[in-house]
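> following is a predicted model, sequence given first.
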Amino acid sequence: MNEEARKRLIFALDVDCFDDAEKWVKLLHRQVGLFKVGKQLFTRCGPEVVHMIRGEGGEVFLDLKYHDIPNTVAMAGVEACRLGVRMFNVHALGGREMMEKTVAEVDALYPRGSKERPLLLAVTILTSSTEETLRGVGIDRPVSEMVPRLARLAQEAGMDGVVASPREVGLIRQACGGNFAVVTPGVRPGFASLDDQKRVTTPGEAIAAGADYLVIGRPIAAASDPVAAAEAILAEMTLALERV
Ligand code: C5P
């Protein structure tokens, strides 16, 4: 199996209890490099779920999308580092100072280049937001302008990358260049159903567009053979990685 592809595949652990989380981690940790723990699972199980994943040899993307005053987000980020997660995220809409303070506090704990240091990611505009949603909160700019603008802001603040729809990867690469991580959900291999995702790309297309990490949940979880589904995704990613 291609280790390069495995390191880039993130399984969305969208379950509501510890036992289910543990079952998925034990089943998939050979195929999947990282497990994404979101607000539901973390609120239910807390840090214990992160320790369990790491104990099984998996890495963690802590998807709590922090957005608060700079000091509060920075200190939450420090605790995420202490938990030993591989990546965590904040909302870029929290602003430059919030992101800069978070980067500074993380730098003080784990300097750049140290192996414990996680990737600090920013969410630009949630893919569930439309132009109407933005107008409702007083932002009269198109999503296609806001996404690269917020990605640039995150980069200038010292963040390591963004979470973005695969359709936005091109815009982000243009705005931020190659040395900036892009993590993309909304990925659907040919064999899977769309579920509630609307604008999707295949794993191969996402890698070809410049995505570094793919977040995939239901195409694996709902497959009759989840391990085989994950392996099919890895095979497609491997092919695409050989071409980039
Ligand atoms: O099951 P599926 O592959 O659609 O899961 C994708 C995961 O990525 C879910 O945890 C979802 O909340 C998350 N996500 C997303 N779209 C975004 C941001 C996060 O689907 N824009």
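That came through fine. Numbering: from 1, shown residues only.
> please report phi then psi for the closest residue to the ligand within the chain.
Among all residues of the chain, Gly217 sits closest to the ligand, at 2.7 Å; criterion: CB to the nearest ligand atom. From N, CA and C alone the C-beta is placed, and that goes for glycine too. The phi/psi pair for Gly217 (degrees, to the nearest 10) reads phi -120, psi -90.
> for this protein, which strand is longest?
strand 59-66 (DSSP state E).
> parallel or antiparallel, list what pairs with that one.
strand 34-38 (parallel), strand 87-91 (parallel) (DSSP bridges).
> now the element after the last one, going C-ward?
Under the assignment DSSP states H and E, the closest C-terminal helix or strand after strand 87-91 is helix 96-109.
> what does that next one rub up against?
For helix 96-109, the surrounding residues in contact (CB atoms under 8 Å, 6 or more residues apart in numbering) are 66-71, 73-75, 77-78, 81-82, 90, 92, 117-118, 120, 122, 153-154, 156-159.
> now, those that are in helices?
Pro70, Asn71, Val73, Ala74, Met75, Gly77, Val78, Cys81, Arg82, Leu153, Ala154, Glu156 (DSSP state H).
> OK, contacts around the residue positioned nearest the centre of the chain?
Ranked by distance to the mean C-alpha position of the chain (CA atoms, centre = their mean), the top residue is Val183 at 4.7 Å. By CB under 8 Å, 6+ apart, the residues touching Val183 are 10, 61, 87, 121, 161-164, 211-215.
> quick one: secondary structure of it?
Reducing the assignment at Val183 to three states with DSSP: H, G, I helix; E, B strand; the rest coil gives strand.
> for beta bridges, what are the partners of it?
Going by DSSP bridges, Val183 forms beta bridges with Val163, Tyr213.
> which pLDDT value belongs to it?
Val183 carries a pLDDT value of 98.
> got it, and Met1?
At Met1, pLDDT is 59.
> same question, Cys17
So, for Cys17, pLDDT stands at 97.
> check contacts around it.
Contact analysis of Cys17 by CB under 8 Å, 6+ apart lists Arg44, Cys45.
> still on that earlier bit, can you select the buried ones from the ones in helices among the contacts of helix 96-109 in PyMOL?
Entered in PyMOL, the line below selects the buried ones among the ones in helices among the contacts of helix 96-109, by 16 or more other CB atoms under 10 Å:
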select buried, resi 70+73+74+77+78+81+153+154
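> can you name the residues of the chain that neighbour the ligand?
Taking CB under 6 Å from any ligand atom, the part of the chain that reaches the ligand is made up of 12, 14, 38, 126-127, 165, 185-186, 195, 197, 215-219.
> let's go with 5 Å and repeat that
Ala12, Asp14, Thr127, Pro185, Val215, Ile216, Gly217, Arg218 (CB under 5 Å from any ligand atom).
> how many neighbours does the fifth one have?
Pointing back at Val215 there. 20 (other CB atoms under 10 Å).
> right, I'll call it a day here.
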